[in-house]
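Engineer: below are the sequence and a predicted model for it; my questions follow.
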Amino acid sequence: QEAAQQKIAAAAAASAARSQQPSDPSKPTEEQRQARAEHLKRQREMLMEKKKREREAELNAYKEVAGSTAAVRAAERASAGQQPQSPQSEAGKRLAAELSGAGAEAPAPMENPEAAALEMRRALSRQLKQSLTQSLQ
């Protein structure tokens, strides 16, 4: 009778052990999945932080070697609210105003729009021909 009770207890223990293990022994348990996910998350964060430090160090080294360019200095002045201090800036402002049409006078009405269009086509043709011959030389 005692042997039968031991067999029943062993069977019950085996059954309990099987219920705790997944049906497929090759699949991880939920705790194992969560632990693995946390581990991978920490590893990813550490790797991203390391890459960020490397990029910052590389950028600082480049800045020391190359120095800042004129474009960088202009951008820094613009972000600081300072006006560019270049003699070319006034010429650039005038050109921008001219191209945007600011301050331009209204064109006078044309007496003969067809003749003006023909003259414009001829001027454009001459200009294209000049640019083509210059590019071929």
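Structural biologist: Nice, thanks for sending it over.
Engineer: low-confidence ranges in the chain?
Structural biologist: 1-2, 11-25, 68, 82-88, 101-110 (pLDDT under 70).
Engineer: just the helices in it please.
Structural biologist: Here the chain has its helices, by DSSP state H, at 2-20, 30-66, 70-80, 87-100, 113-136.
Engineer: with mean neighbour count as extra columns, can I get these in TSV?
Structural biologist: Every residue, glycine included, has its C-beta placed from N, CA and C. Output for these, formatted as TSV (neighbours: other CB atoms under 10 Å):
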stretch	mean neighbour count
helix 2-20	9
helix 30-66	10
helix 70-80	11
helix 87-100	10
helix 113-136	10
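Engineer: what's the distance between Lys50 and Ala37?
Structural biologist: As judged by CB to CB, to the nearest Å, Lys50 and Ala37 stand 20 Å apart.
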